[in-house]
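> The amino acid sequence is not available; the structure is as follows:
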């Protein structure tokens, strides 16, 4: 692989992952890396990972970019899909059709919510943290209003349950979808003109503007993508819990931001890699499950996340690959 | 060169701190059966008290390792994640106080498919559970409130009931149970029933003030949510009606203490989470051992000496005790929550 692929951040993340796995073998035993636990962790990872991608996109676009409304939009899309789907298909008669229509309405809601965020940031020129805080409350409010605050049960719908819980060739389907989205997103950011312009915009939005990039449209597209990713998370949440509720995953917002920052996404914009976010999410999931296996208090976990955040911010100033590849001196290149 | 050394040590340092972080507690390796109790949230008085019951069960039961876990934040997502990790870990049984019962159906079903015993508490609508434990029958609990209220009112006069919201099933059942009990006393008149406080003491206070204005002769209030008695008690205190109006309802001893002291509130009832934690584990252990749970059994915990067993909404059963605790000014200090 080229040295550009394995940069310091990715090297560090890979090492952390390896370290946690080795630690878990000593602390918990081989059960931790057994197929069932790997699948269980992969299933837990997907919804959080998608939200972290949304945060990554928003951060990369710069101007203090962030998307706080992700979880709220994920839940709202589930709620709206739950309300609208029965008019087109019933779960008992045509379960497969029901699931596709459900997913469709989720994505449409995500699209609409993302467009709203994008319009507020791009065209109204609001600061992202304020705009998305506002839409977060708006989405939550609508979801509470529509449901009266209680959970709505989807019940046992076989295709939806299969999607959330079964594996093909050992890979859980929902995790496979997550990986596919990660792959497409990575390629899209690397090879499309949108990707190039996104990082330019994040690095210096004035320069981007004067070099002819349609800045407003860029923000619109970026936040819409984040909204779409959130709504995919909404489908996964609905499938995994076979219900929809306005406050599911309310603690995810901060964790998604932590994943992005740990992955080396620059909060000031201009840099963020999908593969790093993926590795960062995996590391966090591994540690989270390890703590649960060892019956460590969940308060300690919050403390550990804070510690990690500091270590990673520190590590981003140190280039580990320098001494990983030790000797091949720059001259041989 | 010096620079490289420095970087190396930084890296070693950070990896070391990670290892230290991960090795805070070593898992105990044993052939004991393991029962995990999963609560809604850690660090709340209610569930700290429940943890004492879980601990007590573990201490007095041989061959069983009992422990309590719960998320640091009350979020159904974190509860699901904890249960999923417990399944992967291969514990023998999981007993849960669901944050949101419907969000857990899927993970419960998978746990049972893997041969793990699943039991629940305060979730009589869950389908994928083997045993759901309820501290009491909600109608009886409501009737118990009204019995106290009726005695205090001298079995006559106007009274009203409060609920957290009309959507809170248990609260509505308590109000209905109370109303049914009161029917045997023709001189008791129920006025403007089921006022919604939305679990807000201020709202309950406003509502109680309005009722005291519209029904100046009212003699009794039956609270629903745990803070209703606080709001009603304040309104009664301010109106100078202490001793003329009776207030009973669900309440927590520490929160309601001042109103019990002032005499604005006569009785509160609740169930003791410590006993509930204990009984959850007893029933789980019985299920693990394949013992049959039958009506009339004595589980050896106060309030659970004559349990009632009914069929649940799914395959499982619902077990009910009569485990409410009535508390007045004389004994509320015995309950530290």
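Looks like it came in fine. Computed from a predicted model, the values in this text were never measured in an experiment.
> Chain neighbours aside, what residue packs nearest to residue A:173?
residue A:163 (5.3 Å; CB to CB, 6 or more residues apart in numbering or on different chains). C-betas here are computed from N, CA, C, even on glycine.
> and the one you found, how many neighbours?
21 (other CB atoms under 10 Å in any protein chain shown).
> just residue A:310 next, same as before
Count around residue A:310 with other CB under 10 Å applied: 12.
> For the residue nearest to residue A:173, what are phi and psi?
Main-chain dihedrals, residue A:163, degrees, to the nearest 10: phi -60, psi -40.
> Correct me if wrong: it contacts residue A:175.
No: with contacts counted by CB atoms under 8 Å, residue A:163 stays clear of residue A:175, the gap being 10.8 Å.
> List the buried residues for the helix or strand hosting residue A:197?
Secondary structure from DSSP states H and E places residue A:197 in helix A:193-203. Residues A:195, A:197-203 are the ones in helix A:193-203 that count as buried (16 or more other CB atoms under 10 Å in any protein chain shown).
> And stretch A:53-69, by the same measure?
For stretch A:53-69, by 16+ other CB under 10 Å, it's A:53-63, A:65-69.
> Can you give the domain ranges for chain B?
B:33-129+B:272-322, B:138-270 (automatic domain parsing).
> And those: which comes nearest chain A?
Evaluated over the domains of chain B, closeness to chain A peaks at domain B:33-129+B:272-322, with 3.7 Å, by CB to the nearest CB.
> averaged over its residues, what pLDDT does the closest one have?
Averaging pLDDT along domain B:33-129+B:272-322 yields 90.
> do the same with stretch A:121-136
90.
> That one and chain B in contact?
No: applying CB under 8 Å from any CB of the partner chain, one finds stretch A:121-136 separated from chain B by no less than 15.3 Å.
> ends of that stretch, how far apart?
14 Å (CA to CA, to the nearest Å).
> Tell me how many other residues surround residue A:210.
By other CB under 10 Å, neighbour count at residue A:210 equals 10.
> what's the pLDDT at it?
88.
> Now residue B:271: phi and psi?
phi -120, psi 150.
> Ignoring the adjacent residues along the chain, who's closest to it?
Residue B:271 sits nearest to residue B:135 (CB to CB, 6+ apart), 3.8 Å away.
> show me what contacts the one you found?
B:271, B:275-276, B:303, B:320-321, B:323-324 (CB atoms under 8 Å, 6 or more residues apart in numbering or on different chains).
> how about a cut-off of 10 Å?
B:121-122, B:141, B:270-273, B:275-276, B:279, B:303-304, B:319-325 (CB atoms under 10 Å, 6 or more residues apart in numbering or on different chains).
> How about residue A:152?
A:78-79, A:82-83, A:146, A:238, A:243-246, B:102.
> what's around residue B:114, how many residues?
10.
> what's near enough to touch it?
Here residue B:114 is in contact with A:36, B:87-88, B:90 (CB under 10 Å, 6+ apart).
> Which of these are buried? Put it as a ChimeraX command.
Restricted to buried positions by 16+ other CB under 10 Å, the ChimeraX selection for the contacts of residue B:114 reads:
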select /B:87,88
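> Pick the one among the contacts of residue B:114 closest to residue B:63.
When the contacts of residue B:114 are compared for distance to residue B:63 (CB to CB), residue B:90 wins out at 16.8 Å.
> measure the closest one to residue A:141 for me?
42 Å (CB to CB, to the nearest Å).
> next one: residue A:198
31 Å.
> can you give me the strands in the stretch 51-200 of chain B?
B:64-69, B:93-96, B:117-121, B:131-134, B:157-163, B:188-190, B:195-196 (DSSP state E, counting those that start in this stretch).
> just so I know, which of those strands lies nearest residue A:106?
Nearest to residue A:106, of the strands of the stretch 51-200 of chain B and by CB to CB, is strand B:93-96 at 27.8 Å.
> Hmm, residue B:242 is touching residue B:260, no?
No: in this structure, residue B:242 is not within contact of residue B:260 by CB atoms under 10 Å, at 11.6 Å.
> Looking at these two, which is more packed in?
The residue with more neighbours, out of residue B:242 and residue B:260, is residue B:260; 24 against 15, by other CB under 10 Å.
> pLDDT of the helix or strand containing that one, averaged?
Take DSSP H and E as the rule and residue B:260 turns out to sit in helix B:253-262. Rounded to a whole number, the mean pLDDT of helix B:253-262 is 92.
> just how off-centre is it within its chain?
20 Å (CA atoms, centre = their mean, to the nearest Å).
> Can you give me the buried ones in it?
B:253, B:255-257, B:259-260.
> With stretch A:212-224 instead?
A:213, A:215-216, A:218-224.
> Next: stretch B:232-246.
B:232-237, B:239, B:241, B:245-246.
> start to end distance for that stretch?
Its first and final residues considered, stretch B:232-246 spans 10 Å by CA to CA.
> ok, residue 216 - contacts?
You didn't say which chain, so I picked chain A. Residue A:216 neighbours (CB under 10 Å, 6+ apart): A:118-119, A:121-125, A:209.
> Wait, chain B was what I had in mind.
B:158, B:239, B:241.
> Can you list the residue ranges for strands in the stretch 201-337 of chain B?
B:220-223, B:246-250, B:267-271, B:308-311, B:317-320, B:324-327.
> Excluding sequence neighbours, find me the nearest residue to residue A:127.
Counting by CB to CB, 6+ apart, residue A:64 is the residue found nearest to residue A:127 once chain neighbours are left out, at 6.1 Å.
> so where does the residue lying closest to residue A:252 once chain neighbours are set aside fall, helix or strand?
Spatial nearest neighbour of residue A:252, excluding adjacent residues (CB to CB, 6+ apart): residue A:71 at 4.8 Å. Residue A:71 belongs to helix A:70-84 when elements are defined using DSSP H and E.
> and that helix, how far from the chain's centre?
What separates the centre of helix A:70-84 from the centre of its chain is 16 Å, taken as CA atoms, centre = their mean.
> again, but for stretch A:217-228
14 Å.
> Let me know the average pLDDT across it.
92.
> okay, now residue B:292: neighbour count?
9.
> That one reaches residue B:283, doesn't it?
No: using CB under 10 Å, residue B:292 is not in contact with residue B:283; the gap is 11.6 Å.
> is any part of stretch B:156-169 close to chain A?
Yes: residues of stretch B:156-169 are located near chain A by CB under 10 Å from any CB of the partner chain, namely B:165-169.
> which of the residues you listed count as buried?
Using 16+ other CB under 10 Å, the buried ones in the residues of stretch B:156-169 next to chain A are B:165, B:168.
> Tabulate the residues of stretch B:156-169 next to chain A in CSV, adding columns for pLDDT.
As requested, the residues of stretch B:156-169 next to chain A are exported to CSV (pLDDT from 0 to 100):
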residue, pLDDT
B:165, 80
B:166, 78
B:167, 71
B:168, 74
B:169, 76
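> Which of the residues of stretch B:156-169 next to chain A sits closest to residue B:51?
When the residues of stretch B:156-169 next to chain A are compared against residue B:51 (criterion: CB to CB), the nearest one is residue B:168, at 25.5 Å.
> With distance to residue B:114 as extra columns, can I get the contacts of residue B:114 in a markdown table?
Listed next are those as a markdown table, based on distance: CB to CB, whole Å:
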| residue | distance to residue B:114 |
| --- | --- |
| A:36 | 8 |
| B:87 | 6 |
| B:88 | 9 |
| B:90 | 8 |
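> Pretty sure residue B:211 is one of the things residue B:217 touches, is it not?
No: Residue B:217 is not in contact with residue B:211 according to CB under 10 Å; the separation is 11.2 Å.
> what touches both of these two?
In contact with both residue B:217 and residue B:211: B:158, B:191, using CB under 10 Å, 6+ apart.
> More neighbours: those two, which one.
residue B:211 (20 against 9).
> got the contact list for that one?
So residue B:211 contacts B:158, B:160, B:162, B:191-192, B:195, B:218, B:221, B:232, B:235 (CB under 10 Å, 6+ apart).
> Return a ChimeraX selection command for the buried portion of those.
Those of the contacts of residue B:211 that count as buried under 16+ other CB under 10 Å are selected in ChimeraX with:
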select /B:158,160,162,195,218,221,232,235
